[in-house]
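Novice: compute the structure for the input listed below.
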Amino acid sequence: MARILVGWELGAGLGHVTRLRKIGRALAERGHHPIFAVRNLVESWSLLKDDGFTVIQAPIPNASPRSVKSPWRAAGLADIFIMQGLDRPGDIYPVVMAWQHLFELYKPALAISDYSPMMCLAAYGSVPMVVIGDGFTVPPSHLPEIPKIRSGVEETAPQADVVAAMAEVQQRRGRAAPQSFSQLFECESTWVCTFPELDPFRRHRLNPAVGPFDAPPAPLPPPEERRFFAYLGTDYKKFKLASQGIADINIPGEAYIRRAAPQTVKVFKDKGIQIHDRPVSMVDTLRNCAVIIHQGGIGTTEVSLAIGRPQVILTTHLEQNLNGSAVERQGTGVRVTGDYEPEAIREAVHKMLDEPSYMKRAQTVAHALRKRSYVDNVPRIADACCRIISTGRAEPVL
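Specialist: Numbering: from 1, shown residues only. As a prediction, this is how the structure comes out:
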C-alpha cells in the first residue's frame with residue numbers, strides 16, 4: 001500500500017473535491033491510501049467523511065496586496081496564478097514550505113494536483129506528480145509561456161517574473177526550478193478531462209482533451225413541462241440579485257443553493273420553487289426540467305451539454321465566461337453577465353423555453369457527443385497512478 005497526497009488549492013464550489021473523491025475511491029480499491037489536502041475543509045468534509053479518508057487543510061496562497069487596474073480582468077490563467085502571488089518569492093515560499101512539510105510528514109509515493117500550482121512547485125523534481133483538471137486549469141506544459149486567453153488585455157505581470165520567483169524559492173530550498181511558467185505543470189502523467197469544445201487551450205495541445213472525468217450521461221428527451229432547475233452558491237457575487245431574478249421567473253422550478261440561508265429558502269418556497277437541501281443527481285433532476293440556470297462550473301456545463309438541456313449561465317470570472325461562451329457558440333444557451341437586472345434572468349429562461357431552436361440544438365449537440373463513445377476516465381487515471389508507483393519511486397527524495 002502506498003500513500004498518495006491529493007491536493008486542491010484554487011477554485012470554488014465542490015467540483016474539484018467531487019472528482020478527486022472518485023479518484024481517491026478508485027485508488028483505495030487498488031490498495032492505496034489517499035490523503036486529501038483540500039482548499040475548503042468544511043464543505044469537503046461533508047463529501048469525504050464517510051469514505052474513511054484522511055482529510056486535512058491544504059496550504060493555500062494568501063497573496064500580499066497589489067495595485068491593479070479597476071475593474072481587474074485576467075488575460076488568462078497565468079494572471080489568476082499571479083494574483084495568488086506566484087511572481088513574489090515572499091508570497092510563494094511559506095506556502096511551498098507548508099506543502100514540503102506535508103510531503104515530509106506523509107512521505108507519499110505520488111502526489112495528485114488539481115488546480116494546485118504551489119503543490120506542483122513543492123513537488124517539482126522530487127515527488128512523482130500527476131496533474132488532473134479540466135481544460136482551463138491544466139495549461140500545456142511544453143510551451144515557453146502559458147498562452148493568453150483574452151486578446152487585448154495586458155497581463156498583470158510578466159511571466160518572466162514568475163519564473164524568477166520560482167527560481168529564487170527553489171534555490172532557497174535546494175531544489176531544481178522550472179525553466180518556464182508552463183513547465184511548472186510538467187509531470188509523470190497529465191489528464192485534461194473535459195469535452196474539447198470546452199478546452200480554451202485546445203489549439204495548443206499536443207493531444208486533445210480526453211472527455212469528462214466520468215462517462216457522460218446519455219441524452220434525455222425534452223420534458224413536456226416548462227420547468228427550470230437552478231444551481232447556485234451563496235458565494236456568487238451577485239447572489240442576492242440572482243435569487244430575486246430566479247424567484248420571479250414565474251414558472252414551476254426547483255433549486256439547490258449551497259449554504260442557503262433560511263430566508264432565501266423561504267423566499268423560494270413562497271414562490272412555489274422546490275428547494276433541495278443537499279446536492280442532487282443532475283441527470284434525475286434535469287429529466288423533468290427544460291432549462292438549467294447555473295454559474296458556469298465545468299461539471300454542470302458538461303452534464304447539461306451531454307443530456308441536451310439549454311443553459312442560462314451567470315458568469316463573473318474568466319473560467320465561467322469561457323464555459324458560457326463555449327455554450328453560446330454551440331447554440332445551446334446564453335450568458336447573463338456584467339451589470340444586469342433581475343429580470344434579465346427571467347428573460348433568458350423564457351427565451352430558452354420560447355425559442356425551439358435552443359432545445360433542438362441542445363439535443364443535436366448531446367447526440368453528437370454521445371457518438372464519440374467517451375469512457376469513464378477515473379479508472380484510467382487510477383491505473384496510471386498505480387503504474388507510476390510501481391516503477392520503484394515510492395520514497396521521494398526530500
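Novice: which parts of the stretch 151-300 of the chain are helices?
Specialist: Secondary structure of the stretch 151-300 of the chain (DSSP state H, counting those that start in this stretch): helices at 159-173, 239-247, 262-270, 282-286, 298-307.
Novice: point out the most buried one among those.
Specialist: helix 298-307 (a mean of 24; mean count of other Cβ atoms under 10 Å). The C-beta positions use only the backbone N, C-alpha and C, and glycine is treated the same way.
Novice: returning to what we had before: now the helices of the stretch 151-300 of the chain as TSV including mean pLDDT and distance to residue 90?
Specialist: Below are the helices of the stretch 151-300 of the chain laid out as TSV (pLDDT from 0 to 100; distance: least, Cβ to Cβ, whole Å):
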stretch	mean pLDDT	distance to residue 90
helix 159-173	98	9
helix 239-247	92	34
helix 262-270	91	40
helix 282-286	96	42
helix 298-307	96	32
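Novice: let's have these in a markdown table, adding distance to residue 213.
Specialist: Shown next, in a markdown table, are the helices of the stretch 151-300 of the chain (distance: least, Cβ to Cβ, whole Å):
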| stretch | distance to residue 213 |
| --- | --- |
| helix 159-173 | 28 |
| helix 239-247 | 27 |
| helix 262-270 | 30 |
| helix 282-286 | 14 |
| helix 298-307 | 8 |
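Novice: what's the closest of those to residue 212?
Specialist: Nearest of those to residue 212, taken as Cβ to Cβ: helix 298-307 at 4.8 Å.
Novice: let me know the next secondary structure element after the closest one.
Specialist: strand 311-314 (DSSP states H and E).
Novice: need the next SSE after that next one, C-terminal direction.
Specialist: Taking DSSP H and E, what comes next after strand 311-314 is helix 318-330.
Novice: gap between the residue lying farthest from the centre of the chain and residue 3?
Specialist: Distance from the centre of the chain peaks at residue 270, with 33.0 Å (Cα atoms, centre = their mean). Taking Cβ to Cβ, to the nearest Å as the measure, residue 270 falls 51 Å from residue 3.
Novice: same deal with residue 282?
Specialist: Distance of residue 282 to residue 3, computed by Cβ to Cβ: 33 Å.
Novice: which strands and helices sit next to the least confident helix or strand in the chain by mean pLDDT?
Specialist: When the helices and strands of the chain are compared on mean pLDDT, DSSP states H and E, helix 41-48 comes out lowest with a mean of 88. Helices and strands touching helix 41-48, by 3 or more Cβ pairs under 8 Å, 6 or more residues apart in numbering; DSSP states H and E, are helix 15-29, strand 33-38, strand 54-57.
Novice: name the residues of that helix that come out as buried.
Specialist: Buried positions in helix 41-48, judged by neighbour count with 16 or more other Cβ atoms under 10 Å: 43, 44, 47, 48.
Novice: with adjacent residues omitted, what lies nearest to the first one?
Specialist: Looking back up the chat, that one is residue 43. Using Cβ to Cβ, 6 or more residues apart in numbering and skipping residues adjacent in sequence, the residue nearest residue 43 is residue 14, 6.2 Å away.
Novice: close enough to count as contact, that neighbour and residue 47?
Specialist: Yes. Between residue 14 and residue 47 there is a contact under Cβ atoms under 8 Å: 6.6 Å.
Novice: what about the nearest residue to residue 171 once chain neighbours are set aside, neighbour count?
Specialist: Using Cβ to Cβ, 6+ apart and skipping residues adjacent in sequence, the residue nearest residue 171 is residue 177, 7.2 Å away. When neighbours are defined as other Cβ atoms under 10 Å, residue 177 has 19 of them.
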